[in-house]
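Asks: next input, structure requested:
(one chain, ligands or ions: 2)
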Amino acid sequence: MIEFKNIGKIYNNSVNVLKDINLSIDNGEYVCIIGRSGSGKTTLAKLMTAEEKPTSGVITIDDWDITKIKKKDIPSLRRQIAVIFQDFRLLPKKTAKENISFACEISGDFGSKMNSKIDQLLQVVGLGDKSKNYPFELSGGEQQRVAIARALAFNPSILIADEPTGNLDSINTEGILTLLQDINNMGTTVILITHDKEIVNSLNKRIITIEDGRIASDRVNGKYLI
Ligand SMILES: Nc1ncnc2c1ncn2[C@@H]1O[C@H](COP(=O)(O)OP(=O)(O)O)[C@@H](O)[C@H]1O
Ligand SMILES: [Mg+2]
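Replies: Ligands and ions are numbered 1, 2, ... in the order given. Predicted structure coming up:
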């Protein structure tokens, strides 16, 4: 379980981005976080991966207080919480397979074990036939699938998707949303961050709305009304 208790975040002693955030997300949940651009969504994600520290409050992940995390423990947190982004962030000079193998090696898999894991990951994301393609030879939707496969290489318990469909057309968006649901069905907690109310309204999930750095609403099977 992820818990935010009285979280505040002020950047550079001046920009008050998050204010008194209290939130808990259960293991295996699928949660949407929606809010306008600049409302603090990405900051919320960065606090969960310890890329940023809160100015006040405590964040726990399965009773682990990550606000006090030591530098040496950050890699183990990042194996537990994977993130995918709007701009995919693939290594441009590496093939789909190499982009994933890079992550497998970090997670300690080599040789034939790694190869079969990559094949399996490519199957999961529906890219079995594109393993040798470079990012520039893949559509946006396919690149995002590679990024998802790479994220799954660590067997994370939580996947944060920060505007994962922001660069995709509607058909690829649908494909990625289906894949996120499949991943959630396999037991991974999914946190989908978006500014797109059509997407969240189509999913029928718990919706947390962020406005000006505060939780404006938190609804189960919600619709985003504003
Ligand atoms: N590293 C930073 N330093 C200063 N201000 C930042 C930093 N990162 C984000 N901000 C500011 O915090 C606010 C929220 O940003 P962000 O969390 O990225 O929002 P969102 O993802 O909802 O668009 C914005 O006003 C942004 O300019
Ligand atoms: Mg953002």
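Asks: which SSE is residue 191 in?
Replies: Element membership for residue 191, per DSSP states H and E: strand 189-194.
Asks: after that strand, which helix or strand is next?
Replies: Sequence order places helix 197-203 as the next helix or strand after strand 189-194, per DSSP H and E.
Asks: quick revisit: what packs against the strand holding residue 191?
Replies: strand 30-34, helix 41-48, strand 158-162, helix 170-185, helix 197-203 (3 or more Cβ pairs under 8 Å, 6 or more residues apart in numbering; DSSP states H and E). Every C-beta, even on glycine, is put in place using the N, C-alpha and C of the backbone.
Asks: so which of these is nearest ligand 1?
Replies: helix 41-48 (3.2 Å; Cβ to the nearest ligand atom).
Asks: what's the end-to-end length of stretch 74-91?
Replies: One end of stretch 74-91 to the other measures 22 Å (Cα to Cα, to the nearest Å).
Asks: repeat for stretch 47-63
Replies: End-to-end distance (Cα to Cα), stretch 47-63: 16 Å.
Asks: can you mark which positions in that stretch are buried?
Replies: In terms of neighbour count (16 or more other Cβ atoms under 10 Å), stretch 47-63 has its buried residues at 47-50, 52, 54, 57, 59, 61.
Asks: check those residues and tell me the two furthest apart.
Replies: Farthest-apart pair in those is 49 and 57; separation 16.2 Å (Cβ to Cβ).
Asks: circling back: got the CA coordinates for the strand holding residue 191 in CSV?
Replies: Only the C-alpha atoms of strand 189-194 are listed here, as CSV (Å, rounded to 0.1, in the frame of the first residue of the first chain):
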residue,chain,number,x,y,z
THR,A,189,-0.8,-1.6,-9.0
VAL,A,190,-1.4,0.9,-11.9
ILE,A,191,-1.4,4.6,-11.4
LEU,A,192,-2.4,6.4,-14.6
ILE,A,193,-1.7,10.1,-14.6
THR,A,194,-3.4,12.2,-17.2
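Asks: in its sheet, what does it sit against?
Replies: strand 30-34 (parallel), strand 158-162 (parallel) (DSSP bridges).
Asks: what's in contact with the first one?
Replies: I take that to be strand 30-34. The contact list for strand 30-34 (Cβ atoms under 8 Å, 6 or more residues apart in numbering) reads 25, 41, 44, 180-181, 184, 189-197, 199-200, 203, 205-210, 224.
Asks: same thing but 6 Å
Replies: Counting contacts by Cβ atoms under 6 Å, 6 or more residues apart in numbering, the residues outside strand 30-34 that touch it are 25, 41, 184, 190-194, 200, 205-209, 224.
Asks: relative to helix 170-185, how tilted is that strand?
Replies: Between strand 30-34 and helix 170-185, the angle comes out at 130 degrees (axes from the mean of the first three to the mean of the last three Cα atoms, to 10 degrees).
Asks: beta partners for the most centrally placed residue in the chain?
Replies: Closest residue to the average C-alpha location of the chain: residue 160 at 1.6 Å, with Cα atoms, centre = their mean. Counting by DSSP bridges, residue 160 is bridged to residue 83, residue 191.
Asks: residues in contact with it?
Replies: Applying Cβ under 6 Å, 6+ apart to residue 160 gives the contacts 45, 83, 191.
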